[in-house]
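Asker: A structural model of the following input is requested.
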Amino acid sequence: MVIGSLNPPSKQEQQQLFAEIGPLPLEGPACRRWVKWSAWLILAVVVVRLAQTAASPAGEMVSPAIKISLVVCVLGLALLARAMQTSVTRITEQGIEQSWISRRTIQWEEISFVKFVPLIASKKLICFTARGRPVTFQAGSRELEIAFARIALVYRRR
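Answerer: Predicted coordinates:
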């Protein structure tokens, strides 16, 4: 089956979906609270361990290139933790959007196939466009998880 050959839901199906989801826009965090705090905790542990190692005699023997790469990695982890803390997923009548390090957006007309992936740490909605390019959105609240599951059902019924 070619993903781009699927027909989108009719306007009636789409309006019924919007009614089931609830009043739009539906907005919530992209990550669960425990996942956000775990990311910050892991970052703190990494920083403390790096500081301890840097203050020890073993830290003096590390080359400057390794030190720079470790600082860059910690900054990258901090950027990801910040993005997890502030990211928001929105479902509107125009489409789905999520703030992240960069903004993810997809219009309803662009979606040809949807896959709901219920993982332990997050529930994901993978939206495929007619060109086959997937756009992944995360749900960090129960309302968004239910909405993602309903969206997947509508696209599966076609």
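Asker: so the residue sitting nearest the centre point of the chain is in which element?
Answerer: Central residue of the chain (C-alpha atoms, centre = their mean): Gln138, 3.6 Å from the mean position. According to DSSP states H and E, Gln138 maps onto strand 134-139.
Asker: one more: Leu125?
Answerer: strand 123-129.
Asker: next, the buried residues of that strand.
Answerer: Of the residues in strand 123-129, those with enough neighbours to count as buried (16 or more other C-beta atoms under 10 Å) are Lys123, Lys124, Leu125, Cys127, Phe128, Thr129. The way it works is simple: take the backbone N, C-alpha and C, and place the C-beta from them, glycine included.
Asker: just stretch 102-109 next, same as before
Answerer: The neighbour-count check on stretch 102-109 (16+ other C-beta under 10 Å) flags Arg104, Ile106, Trp108 as buried.
Asker: what sits against the nearest residue to the first one once chain neighbours are set aside?
Answerer: With sequence-adjacent residues excluded and distances taken as C-beta to C-beta, 6 or more residues apart in numbering, Arg104 is closest to Gln98, at 4.5 Å. Residues counted as contacts of Gln98 (C-beta atoms under 8 Å, 6 or more residues apart in numbering) are Ala30, Ser87, Val88, Thr89, Arg90, Arg104, Thr105, Phe137, Gln138.
Asker: thanks again, I'm all set now.
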